[in-house]
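Asker: Whatever this is, show me its structure:
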Amino acid sequence: MIVCHCRGVTDRAIQEAVRGGARGLAEVTARCGAGGRCGGCRPLVELVVRLELEASGRAEAAPAAALAARVAAAS
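Answerer: Just a heads-up that it's a prediction; the model follows:
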């Protein structure tokens with residue numbers, strides 16, 4: 001699915017960026033461009049990053065559920 005419409009970045013591209021070592025929004029933006037233009041997708045980019053980090057066992061504090069609630073509230 002397209003996450004960043006400004007740059008045409010998909011969830012898979014974001015997942016690949018995380019698998020390649022990105023651990024947050026700034027690193028994902030640097031690798032694939034997601035979230036680097038208007039910013040409307042940033043909560044969803046953060047959620048995809050968090051889910052990928054959790055899936056790989058590399059997640060830190062905030063669980064994906066908390067970010068998902070934030071994305072839903074922003075919609």
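
Asker: separation between the residue nearest the centre of the chain and Gly8?
Answerer: For the chain, Val45 is the residue whose C-alpha lies nearest the centre (Cα atoms, centre = their mean; 2.5 Å). Applying Cβ to Cβ, to the nearest Å, the value for Val45 to Gly8 is 13 Å. No exception for glycine: its C-beta is placed from N, CA and C like everyone else's.

Asker: before we move on, what about Ala55?
Answerer: 24 Å.

Asker: who touches Gly33 in this structure?
Answerer: For Gly33, the contacting residues are Cys4, Arg7, Val9, by Cβ atoms under 8 Å, 6 or more residues apart in numbering.

Asker: go again using 6 Å as the cut-off
Answerer: Gly33 makes contact with Arg7, Val9 under the criterion Cβ atoms under 6 Å, 6 or more residues apart in numbering.

Asker: Mind pulling up the pLDDT for it?
Answerer: Note on Gly33: pLDDT of 97.

Asker: And Ala61, by the same measure?
Answerer: Ala61 is given a pLDDT of 52.

Asker: The one 3 residues further on too?
Answerer: The pLDDT attached to Ala64 in the predicted structure is 62.

Asker: Let's test this: name the helix or strand in this protein with the lowest mean pLDDT.
Answerer: None of the helices or strands of the chain scores lower by mean pLDDT, DSSP states H and E than helix 64-74, at a mean of 70.

Asker: Good, wrapping up.
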